[in-house]
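Chemist: Turn this into a structure:
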Amino acid sequence: MTEPANGLPHRNTYDKYGTNNPIEQKLMGRFMGCLDLAMTGLEPARVLEVGAGEGEVATRLMSRFPGVPIVAMDLPDEETATNWEQRSVLGFFGDMRSLPLADNSMDLVFGIEVLEHVPDPERALHDIARVCRGAAVLSVPREPIWRAANMVRGKYIPECGNTPGHINHWSNRGFREFVGREFDVDWSASPFPWTMVRGIARS
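Modeler: Okay, the predicted model is just below:
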């Protein structure tokens, strides 16, 4: 994502889920394995994914929680809408910093690879906590590992390895502490080169 003039982030065009690179496929396999672990023991009645992109994670959630309403949210985009329709994903467009949902209306909220793109991530995290009455699973690129890995493969050299649109950066510890401002963190993982955290809503 990049940040246009209206202050809203805009999505990346690179499809990491559909990559044909065998190394990236292996990394994504480990990432998705950790995502499955993060859902261990959870039995939500309603699920929300913010920053859902093309709907890859939402589709996985639909398989994991059959019969449970799964709702996706992202910025307005015609291609995204088409992807959701093709995947039978129910979704809406909006700003995750101001979710049009009632307090404590979701049992499980996902924010997978989105907070690094969002201006005022504190506000976004606060609104996720506002609508969440159960657990939240959040992930971001692990820094400075992410940028170092980009540099090694010759990507974004003028930007010192920073992926365009990444405006927020966290280490493993830093992201756990960030999520801990609004949730009680009960699980975390570090599938290279990401950080994934699960937090429990505070009553």
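Chemist: Okay, and the beta partners of Val71?
Modeler: Taking DSSP bridges as the rule, Val71 bridges to Leu48, Leu90.
Chemist: Tell me, how many residues neighbour it?
Modeler: Using other CB atoms under 10 Å, Val71 has 19 other residues around it. The way it works is simple: take the backbone N, C-alpha and C, and place the C-beta from them, glycine included.
Chemist: which residues touch it?
Modeler: Arg46, Val47, Leu48, Glu49, Leu90, Gly91, Phe92 (CB atoms under 8 Å, 6 or more residues apart in numbering).
Chemist: Can I have the buried ones of these as a ChimeraX selection?
Modeler: To isolate the buried ones among the contacts of Val71 in ChimeraX, judged by 16 or more other CB atoms under 10 Å, type:
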select :46,47,48,49,91
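Chemist: Closest one of the contacts of Val71 to Tyr156?
Modeler: Tyr156 has its nearest neighbour among those in Glu49, at 27.0 Å by CB to CB.
Chemist: Turn the contacts of Val71 into JSON lines, columns for distance to Val179 and pLDDT.
Modeler: Shown next, in JSON lines, are the contacts of Val71 (distance: CB to CB, whole Å; pLDDT from 0 to 100):
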{"residue": "Arg46", "distance to Val179": "21", "pLDDT": "98"}
{"residue": "Val47", "distance to Val179": "18", "pLDDT": "98"}
{"residue": "Leu48", "distance to Val179": "16", "pLDDT": "98"}
{"residue": "Glu49", "distance to Val179": "16", "pLDDT": "98"}
{"residue": "Leu90", "distance to Val179": "26", "pLDDT": "97"}
{"residue": "Gly91", "distance to Val179": "24", "pLDDT": "97"}
{"residue": "Phe92", "distance to Val179": "24", "pLDDT": "97"}
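Chemist: export the contacts of Val71 to a markdown table and tack on distance to Arg147?
Modeler: A markdown table is the format used below for the contacts of Val71 (distance: CB to CB, whole Å):
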| residue | distance to Arg147 |
| --- | --- |
| Arg46 | 36 |
| Val47 | 32 |
| Leu48 | 30 |
| Glu49 | 26 |
| Leu90 | 36 |
| Gly91 | 31 |
| Phe92 | 33 |
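Chemist: How about the contacts made by Arg187?
Modeler: In this structure residue 187 is Trp, not Arg. Leu37, Ala38, Val197, Arg198.
Chemist: Check those and tell me the two furthest apart.
Modeler: Leu37 and Val197 (12.1 Å).
Chemist: Who has more neighbours out of these two?
Modeler: Each of Leu37 and Val197 has its neighbours counted (other CB under 10 Å); Val197 has more, 26 against 14.
Chemist: Tell me how far the longest helix along the chain lies from the chain's centre.
Modeler: Taking DSSP state H as the criterion, the chain has its longest helix at helix 22-38. Put simply, helix 22-38 sits 14 Å off its chain's centre (CA atoms, centre = their mean, to the nearest Å).
Chemist: pull the CA atoms of that helix into CSV?
Modeler: C-alpha atoms of helix 22-38 as CSV (Å, rounded to 0.1, in the frame of the first residue of the first chain):
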residue,chain,number,x,y,z
PRO,A,22,9.8,-21.7,-4.4
ILE,A,23,11.6,-19.8,-1.5
GLU,A,24,8.7,-17.4,-1.1
GLN,A,25,6.2,-20.3,-1.3
LYS,A,26,8.0,-22.0,1.6
LEU,A,27,8.0,-18.8,3.6
MET,A,28,4.4,-18.3,3.0
GLY,A,29,3.7,-21.9,3.9
ARG,A,30,5.3,-21.4,7.3
PHE,A,31,3.4,-18.1,7.7
MET,A,32,0.0,-19.7,7.0
GLY,A,33,0.9,-22.6,9.3
CYS,A,34,1.4,-20.1,12.1
LEU,A,35,-1.9,-18.5,11.2
ASP,A,36,-3.6,-21.8,11.7
LEU,A,37,-1.8,-22.2,15.1
ALA,A,38,-3.1,-18.8,16.1
